[in-house]
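Q: Okay, sequence plus prediction incoming.
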Amino acid sequence: MRGSQAAVGDHVRWADVTLLDGRVLPATALEGRVVVVETWASWCPFCARQNPHFQELYAAHAGRGLEF
């Protein structure tokens, strides 16, 4: 990685994440997977247009280690 910015193809170290319901998703649960982190808002028109494409991508590749 260069500085604090990641670029396509970089490996980023994942940390444990506390979910909204209080459970913890351990970083080890994502080892060996490709993880897409998307920030979106329900009111965002661009997000509304792109989210169905992310859903299609997930449906097509989830069994091969793709996580959103």
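A: Structure received.
Q: pLDDT score assigned to the residue nearest to Gly65 when sequence neighbours are not counted?
A: Nearest-residue entry for Gly65: Arg33, 4.4 Å, with adjacent residues in sequence omitted and distances by CB to CB, 6 or more residues apart in numbering. C-beta here means a position set from N, CA and C on the backbone, and glycine is covered the same way. For Arg33, the model assigns a pLDDT of 83.
Q: okay but Arg33 is in contact with Glu67, surely?
A: Yes: Arg33 is within contact range of Glu67, at 5.0 Å (criterion: CB atoms under 8 Å).
Q: quick revisit: what's the burial count for the residue nearest to Gly65?
A: 13 (other CB atoms under 10 Å).
Q: partners of Leu25 in the sheet?
A: Counting by DSSP bridges, Leu25 forms beta bridges with Val17.
Q: Can you tell me how far the residue nearest to Gly65 is from Ala41?
A: The spacing between Arg33 and Ala41, counted by CB to CB, to the nearest Å, is 25 Å.
Q: What segments of the protein are strands?
A: 17-18, 24-25, 34-35, 66-67 (DSSP state E).
Q: and the gap between Arg49 and Trp40?
A: 11 Å.
Q: These two - which one has more neighbours?
A: Neighbour count, other CB under 10 Å: between Arg49 and Trp40, Trp40 has more, with 12 against 9.
Q: Could you count how many residues lie near the closest residue to the more buried one other than its chain neighbours?
A: Excluding the flanking residues, the one nearest Trp40 by CB to CB, 6+ apart is Cys47, at 3.9 Å. For Cys47, the neighbour count with other CB under 10 Å is 14.
Q: Also the one 10 residues further on?
A: Residue crowding around Leu57 was assessed by other CB under 10 Å; the count is 13.
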